[in-house]
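Visitor: need a structure here:
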Amino acid sequence: MKETGFKAWAIHLGFRQNKGRAFYNGSTCLRLAGVLAISLGTFSDKLLCISTMSQIESQNPEPVFQLKGSMLAITVMELARTNLEALDRQLAAKVAQAPNFFSNTPLILALDKLAPNEGPVDLPGLVRICRQHGLRTLAIRANRIEDIAAAIAVDLPVLPPSGARERVIDPIEVEAPKKIPEKPPEPLIKPTRVITAPVR
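Guide: Numbers count the residues shown, from 1 in each chain. Predicted coordinates for the structure are as follows:
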């Protein structure tokens, strides 16, 4: 009977020539088959190990960032009225006093101090006016539901109301001290020498 596949290959390796006659060495065939099975198993284990290591490396890559806390000085604009026209005029006057102060200044809009009878805030218009005067709104501070909803609609972070005391900032342009011209040094005058003895 003709053997095929793995068994035929193993039987072929098990044949030996002895005085012109071929015979099948069964023990040799079994040993070769066992070695081949062990080799295939070891190779399969190596492939599985490499695949597992690749998955671990892809799941745990080298960190590319760190989250850190920091104390930053940020200007807070506490809004008392929702009159944007008046706000625009008053901001323009402040900018005229100290133009350098209003140059890409980070800003928190505090809406939590608005009077109860004040109507809703036009938040997009408020942010636009601040940007025109050099103030960049980072977030708002609010406690009214309509103000929080307006901030979410324009993708602005909402901070909780603050109970901390905040000092008032009056952005007045500080003039550089005038340079006093230095007094030129006085010329060196040699004292007059008086000769009382006769000159020979």
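Visitor: Quick one: residues contacting residue 129.
Guide: The contact partners of residue 129, taken as Cβ atoms under 8 Å, 6 or more residues apart in numbering, are 84, 87, 88, 91. All C-beta spots, glycine's among them, are computed from the backbone N, C-alpha and C.
Visitor: Give me the secondary structure label for it.
Guide: Three-state call for residue 129 (DSSP: H, G, I helix; E, B strand; the rest coil): helix.
Visitor: before we move on, what about the one 10 residues further on?
Guide: At residue 139 the chain is in strand, as set by three-state DSSP.
Visitor: What is the burial count for it?
Guide: Taking other Cβ atoms under 10 Å as the criterion, the count of residues near residue 139 is 16.
Visitor: Looking at the contacts of residue 129, spot the one nearest residue 134.
Guide: Within the contacts of residue 129, the smallest distance to residue 134 is 9.2 Å, found for residue 91 (Cβ to Cβ).
Visitor: is it true that residue 107 lies in a strand?
Guide: Yes - judged by three-state DSSP, residue 107 forms part of a strand.
Visitor: List the beta-bridge partners for it.
Guide: According to DSSP bridges, residue 75, residue 137 are recorded as the beta-bridge partners of residue 107.
Visitor: Would you confirm that it contacts residue 77?
Guide: Yes - with contacts counted by Cβ atoms under 8 Å, residue 107 reaches residue 77, the gap being 5.8 Å.
Visitor: Any of the contacts of residue 129 buried? List them.
Guide: Neighbour counting with 16 or more other Cβ atoms under 10 Å marks 87, 88, 91 as buried within the contacts of residue 129.
Visitor: now, which of those residues sits nearest residue 156?
Guide: When those are compared for distance to residue 156 (Cβ to Cβ), residue 87 wins out at 17.4 Å.
Visitor: Which residues are in contact with that closest one?
Guide: For residue 87, the contacting residues are 79, 81, 126, 129, by Cβ under 8 Å, 6+ apart.
Visitor: Do I have it right that the first one meets residue 109?
Guide: Right, residue 79. Yes - taking Cβ under 8 Å as the definition, residue 79 is a contact partner of residue 109 at 6.7 Å.
Visitor: The two: which has the busier surroundings?
Guide: Neighbour tally, residue 79 and residue 109, criterion other Cβ under 10 Å: the higher count belongs to residue 109, 25 against 21.
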